[in-house]
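Student: I need the structure of the sequence given here:
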Amino acid sequence: MAISAPEAPSAALQAMLATVADGLPHAWPADDSSGLPSALLAEAGEWGFPLYARDGGVQLEYPAAPLSAREIADIGGIDPAHIHLPLCCASTNAEILQDVGMNVCLTESQWAGRGRRGRRWSSPFGRHLYLSYGWTQLRPVNAALTIVAALSVFTLLQARLPRLWVKWPNDLWVEGRKLGGILVEARPRSHGETRLVVGLGLNVHGDAGLPDTAVSLADLDIRVARSTLAGAILRQWREDFARFADEGFTPFLPLWEKADRLTRQRVQISDVQGVREARVLGLGPDGRLQVSCADTGRVWLSAGDVSLRPQHP
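Tutor: Just a heads-up that it's a prediction; the model follows:
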């Protein structure tokens, strides 16, 4: 009978990683009956954590500058006490949904990241940006928030990436390859409140493990520190989300026209009804997408219910 792989790093490995998170050498006992450190080093390798034994100690090697809560806070205009920065976690979105006192979470690696429609994905250590921003509100959730979050990132990067566009409703693409994605999640709370979290996964540094369908900023000759980028995104999110709460989605429609590449193009639609082709007609003021299908005519698509793929990227 096959033995299933563990769903998370062992508690011992997570404790070791917390100790060596500063990137400096740390003394560690030699192998004994507990299996330290060889077993933990082997487990770290299986999870992709760059943990190495040297001169009687262990050290974590970051492939790029570690995330800095202070730098993120300074650029983002956020109290650093509100920034949670675990070295690794299951999901930054899950961290915020579980703790109403947490506003911002970033990590060097997550092992159970979530995408739209229940997709799961892992994240290589220290190479990309895994960022979540959360808050609690009384008003209903506006589904167009996903698009606004993606447009915020588009606003920051479009000057340096003229080929960047937003694939409705939540993905950032450069021509035919995916640069990043947004996931908005909501959880009802007591007294009519809703806990909201906006999560971003953005490919930043070089990564040989990326599929051919993905691209990183480094691949596009853009070198940027992840902390600098995270702070700028948080600042833009705070500004855009406040405007969205006050004025709705209509003020963002002109920006959508700049970011859109699918209107009047043929796409492949995947939803509970199966896979079919359609032509994109345009975006409505509520963030829904209108398409024309051969079998059903004009229909409106809602974010979260359907996935689109360009026929000719």
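
Student: By residue count, tell me the biggest strand in the chain.
Tutor: Scanning the chain for the longest strand, with DSSP state E as the assignment, gives strand 177-188.

Student: Following element in sequence after that one, please.
Tutor: Remark: after strand 177-188, the chain's next helix or strand is strand 194-202, criterion DSSP states H and E.

Student: State the next helix or strand along the chain beyond that next one.
Tutor: Once strand 194-202 ends, the next helix or strand along the chain (criterion: DSSP H and E) is helix 226-247.

Student: buried stuff in whichever helix or strand comes after that next one?
Tutor: Toward the C-terminus, helix 226-247 is succeeded by helix 253-259 as the next helix or strand (DSSP H and E). Across helix 253-259, burial judged by 16 or more other CB atoms under 10 Å covers L255, W256, A259. Any C-beta I mention is one placed from the backbone N, CA and C, and that applies to glycine too.

Student: cool, stretch 300-310 as well?
Tutor: Using 16+ other CB under 10 Å as the burial criterion, the residues of stretch 300-310 that qualify are L301, A303, V306, S307, L308, P310.

Student: quick one: which two of the residues you listed are the most distant?
Tutor: Spatial extent of the buried residues of stretch 300-310 (CB to CB) is set by the pair A303 and P310 at 16.9 Å.

Student: closest to R187 among the buried residues of helix 253-259?
Tutor: W256 (27.5 Å).

Student: and which of the buried residues of helix 253-259 is nearest to A150?
Tutor: Among the buried residues of helix 253-259, and counting by CB to CB, the member closest to A150 is A259, at 7.7 Å.

Student: ok, for that closest one, nearest residue in space, not its chain neighbours?
Tutor: V166 (4.1 Å; CB to CB, 6 or more residues apart in numbering).

Student: OK, contacts around the one you found?
Tutor: Counting by CB atoms under 8 Å, 6 or more residues apart in numbering, V166 touches I147, A150, L151, F154, L172, W173, W256, A259, D260.

Student: That one: what secondary structure?
Tutor: Here V166 is strand, with the state taken from DSSP: H, G, I helix; E, B strand; the rest coil.

Student: G201 versus that one, what's the distance?
Tutor: V166 is 15 Å from G201, where distance means CB to CB, to the nearest Å.

Student: With G282 instead?
Tutor: As judged by CB to CB, G282 and G201 stand 27 Å apart.

Student: who's more crowded, those two?
Tutor: With other CB atoms under 10 Å as the criterion, G282 and G201 differ in neighbour count, and G201 comes out ahead with 23 against 14.

Student: Please identify which of the buried residues of stretch 300-310 is nearest to D79.
Tutor: Comparing the buried residues of stretch 300-310 against D79 with CB to CB places A303 closest, at 31.0 Å.

Student: Find the nearest non-adjacent residue to that closest one, please.
Tutor: Leaving aside its chain neighbours, A303 sits nearest to P169 (3.8 Å; criterion: CB to CB, 6+ apart).

Student: Touching, the one you found and G287? I think so.
Tutor: Yes: the criterion here is CB atoms under 8 Å, and P169 meets it with G287 at 6.9 Å.

Student: quick one on the thing from earlier: quick one, the longest strand of the chain and strand 194-202 angle?
Tutor: Going by axes from the mean of the first three to the mean of the last three CA atoms, to 10 degrees, strand 177-188 is angled at 170 degrees with respect to strand 194-202.
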